[in-house]
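Trainee: Need a 3D model of the sequence below.
(one chain, ligands or ions: 1)
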Amino acid sequence: MASLVLYSYWRSSSSYRVRFALAAKKLAYEMITVNLLAGEQNADVHKSRSPTGHVPCLLIEGRLFIESVAIIELLEELYPGPALYPKSPWDRARMRTLVEVVNSGIQPLQNLKVLERASSDPEARKAWGAHFNEKGLAAIEQLLEIHSKEGIRGRYTYGDSLTAADVFLVPQFYSAKRFGVDTSKFPRVTAAAEAAMATEAARAAHPDNQPDAVK
Ligand SMILES: N[C@@H](CCC(=O)N[C@@H](CS)C(=O)NCC(=O)O)C(=O)O
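Mentor: Down below sits the predicted model:
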């Protein structure tokens, strides 16, 4: 079993994704925390790990990886069970669409450095984050309706077992709530995220359950 080290921040939604995937696959790992509010992501030592100055980073078999999609796909290929990606190419593409809406369509627009650039006023930052989270969740709600019409039904975001779609949706749902989005406007998203959040893997990955959580 390879040794795994995750560089993480408790409230980072992208770190939460990787924690969720590691827990779903029951992979043990060491955690090194990077305090984003203290600016530790911009220190040279962290930039030497992550040229983007982001978390998460995963050290696996002596190699460092950044970008949660690449990390989670690597974990899937190295540790295929329990699978987080459906087998059929059609299902994989549908499920990956959900992943991408979160990964490229929501999170980058509400990232800390973007909020800092958008405004110095905490209320304006919150409104900015809420705007993009709301638009993104609305798109996911519509996608879930389309999937349901195609016969994809189940407890979770894409069917009846946890997939990468849950691994990406749950942290974004958590962020949307932090930004004050009324998630009840998105019943399919809410039902799927709540079902996934109730799993043991999601609980282990939850920000409040991390060693660097500020209570
Ligand atoms: N696409 C990247 C996004 C990584 C990312 O943006 N991480 C955020 C935390 S969720 C971060 O480190 N932000 C630091 C900053 O904005 O200064 C991934 O999926 O890993």
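Trainee: Could you pick out the longest helix of this structure?
Mentor: Secondary structure of the chain read by DSSP state H shows that its longest helix is helix 122-149.
Trainee: And the average pLDDT for that helix is what?
Mentor: The average of the pLDDT scores along helix 122-149 is 97.
Trainee: and the next helix-or-strand element following it, which residues are buried?
Mentor: Note on helix 122-149: by DSSP states H and E, the next helix or strand toward the C-terminus is helix 164-178. Within helix 164-178, the residues that qualify as buried are 164-176, 178, counting by 16 or more other Cβ atoms under 10 Å. Glycine gets a C-beta too; all of them are placed from N, C-alpha and C.
Trainee: now do stretch 93-107
Mentor: Residues of stretch 93-107 classed as buried: 94, 95, 96, 97, 98, 99, 101, 102, 103, 106, 107 (neighbour count, 16+ other Cβ under 10 Å).
Trainee: now swap in stretch 26-35 and tell me
Mentor: Within stretch 26-35, the residues scored as buried using 16+ other Cβ under 10 Å are 27, 29, 31, 33, 34.
Trainee: Relative to residue 47, which of the residues you listed is nearest.
Mentor: When the buried residues of stretch 26-35 are ranked by distance to residue 47 (Cβ to Cβ), residue 34 comes first, at 11.1 Å.
Trainee: Against residue 112, how distant is the closest one?
Mentor: Distance of residue 34 to residue 112, given as Cβ to Cβ, to the nearest Å: 12 Å.
Trainee: the inter-axis angle of the longest helix of the chain versus helix 164-178?
Mentor: 150 degrees (axes from the mean of the first three to the mean of the last three Cα atoms, to 10 degrees).
Trainee: which helices and strands sit right next to helix 122-149?
Mentor: helix 89-105, helix 112-118, helix 164-178, helix 187-197 (3 or more Cβ pairs under 8 Å, 6 or more residues apart in numbering; DSSP states H and E).
Trainee: Need the pLDDT of the residue nearest to residue 154 when sequence neighbours are not counted.
Mentor: The shortest distance from residue 154 to any non-neighbouring residue, by Cβ to Cβ, 6 or more residues apart in numbering, is to residue 160 (3.4 Å). Looking at residue 160, its pLDDT reads 96.
Trainee: got it, and the one 5 residues further on?
Mentor: Residue-level confidence at residue 165 comes out at 98, pLDDT.
Trainee: Repeat that for residue 2.
Mentor: Reported pLDDT for residue 2: 67.
Trainee: re the thing from before, out of the helices and strands packed on helix 122-149, which comes closest to residue 5?
Mentor: Nearest to residue 5, of the helices and strands packed on helix 122-149 and by Cβ to Cβ, is helix 164-178 at 19.3 Å.
Trainee: Please compute how far the closest one lies from its chain's middle.
Mentor: Here helix 164-178 is found 6 Å from its chain centre; the criterion is Cα atoms, centre = their mean, to the nearest Å.
Trainee: is the ligand contacted by that helix?
Mentor: No: using Cβ under 6 Å from any ligand atom, we find that helix 164-178 stays clear of the ligand, coming within 8.2 Å at best.
Trainee: before we move on, the earlier item: and the furthest pair within the buried residues of helix 164-178?
Mentor: Between any two of the buried residues of helix 164-178, the greatest separation by Cβ to Cβ is 22.0 Å, found for 164 and 178.
Trainee: Since that was my last question, I'll sign off now.
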